[in-house]
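A.B. asks: no sequence on this one, just coordinates:
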Ligand SMILES: C[S@@+](CC[C@H](N)C(=O)[O-])C[C@H]1O[C@@H](n2cnc3c(N)ncnc32)[C@H](O)[C@@H]1O
């Protein structure tokens, strides 16, 4: 149980119009300070101050990535839970809140459009580009090592791009579905598999946040170099969790935290890598736990290179028992 004082602090921190608007926005998922500033049309120092006060009162969580910061609602107990109940009772059709959500929708649509334009542009040369990043052979060997011994019925490769992961895992799975939101990318992937009748591999246009048709059906879900393009990786993981068969496995491959800002400005990255703690906290929020984690440092000099991480996620025992 939380103390009287901490609940008073929480109520005080939330008891202001801009802060309530921020909290209502954060109910839709994790948002960067920059985007919140654009939605509210207020200065960044002002918005940051509101967020800092709410973080100190235990209502929101801050996740820093270099000079960027992302905020999300803090779940769980105490003041956050008390305020969570208040937020539930606020009329979502209030014109100010409707306008805020619409503005956030426009900003996110802008990010998605820039990413889509980027992938449409690079689709033809992607197979070459992807291999520049990292020690690919080592990573692919580790993926096979980790999943090779298990029986895979359905494998979903989310953000399949040109389908390299489907080539790798196709022979290991009964059925593989590659899903991607870029028409240009799936055209390349389809061309790749048009002659291979041997394995059951299909390519679908789709969004990682909408996997309803695969509910609880996938033995293995893979996201290889995809998470850093997403608006809200935590929400994506919740969607992934919904498509996972009980006892199934999620494999994430992405960058460790880095400082290469040009990847955001020139290559549509929304995140500059992920720490183990960040991945673990998103996993826990969806009832998964990280059971294996491995790093692949770049062969370039330390500051130039990108370290790739591989995280294996499974249901926690508690979830399996439920
Ligand atoms: C960097 S590429 C990686 C492709 C592939 N996994 C690989 O390793 O070569 C990221 C892919 O994710 C796709 N993508 C980004 N956001 C997505 C979303 N919300 N739903 C589905 N695909 C998405 C992009 O279109 C792109 O093809």
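C.D. replies: Thanks, I have the structure now. What you see is a predicted model, and the numbers here were worked out from it, not measured in a lab.
A.B. asks: can you pull out the helices in the stretch 151-300 of the chain?
C.D. replies: 164-169, 183-193, 233-243, 262-267, 276-285 (DSSP state H, counting those that start in this stretch).
A.B. asks: show me which residues of the stretch 51-200 of the chain are close to the ligand?
C.D. replies: By CB under 6 Å from any ligand atom, the residues of the stretch 51-200 of the chain that approach the ligand are 119, 130, 159-161, 164-165, 179-182, 185. Glycine gets a C-beta too; all of them are placed from N, C-alpha and C.
A.B. asks: returning to that earlier point: in a markdown table, list the helices of the stretch 151-300 of the chain along with mean pLDDT, mean neighbour count and distance to residue 81.
C.D. replies: Output for the helices of the stretch 151-300 of the chain, formatted as a markdown table (pLDDT from 0 to 100; neighbours: other CB atoms under 10 Å; distance: least, CB to CB, whole Å):
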| stretch | mean pLDDT | mean neighbour count | distance to residue 81 |
| --- | --- | --- | --- |
| helix 164-169 | 92 | 22 | 40 |
| helix 183-193 | 82 | 19 | 41 |
| helix 233-243 | 94 | 21 | 18 |
| helix 262-267 | 84 | 13 | 34 |
| helix 276-285 | 93 | 17 | 15 |
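A.B. asks: enumerate the residues of the stretch 201-322 of the chain near the ligand.
C.D. replies: Taking CB under 6 Å from any ligand atom as the measure of proximity, the stretch 201-322 of the chain contacts the ligand at 207-208, 224-226, 229-230.
A.B. asks: now list the buried members of those.
C.D. replies: 208, 224-226, 229-230 (16 or more other CB atoms under 10 Å).
A.B. asks: counting only strands, which of those make the cut?
C.D. replies: residue 224 (DSSP state E).
A.B. asks: give the contact list for residue 87.
C.D. replies: Neighbouring residues of residue 87 by CB atoms under 8 Å, 6 or more residues apart in numbering: 20, 23-24, 27.
A.B. asks: redo that, cut-off 7 Å
C.D. replies: Contacts for residue 87 (CB atoms under 7 Å, 6 or more residues apart in numbering) come out as 23-24, 27.
A.B. asks: which strand or helix spans it?
C.D. replies: helix 78-88 (DSSP states H and E).
A.B. asks: likewise residue 104?
C.D. replies: In this assignment (DSSP H and E), residue 104 forms part of helix 95-122.
A.B. asks: helices or strands up against that helix?
C.D. replies: Contact partners of helix 95-122 among helices and strands, from 3 or more CB pairs under 7 Å, 6 or more residues apart in numbering; DSSP states H and E: helix 17-26, helix 33-40, helix 183-193.
A.B. asks: hmm, try it at 10 Å
C.D. replies: Counting contacts by 3 or more CB pairs under 10 Å, 6 or more residues apart in numbering; DSSP states H and E, helix 95-122 is packed against helix 17-26, strand 31-32, helix 33-40, helix 126-132, helix 183-193, helix 262-267.
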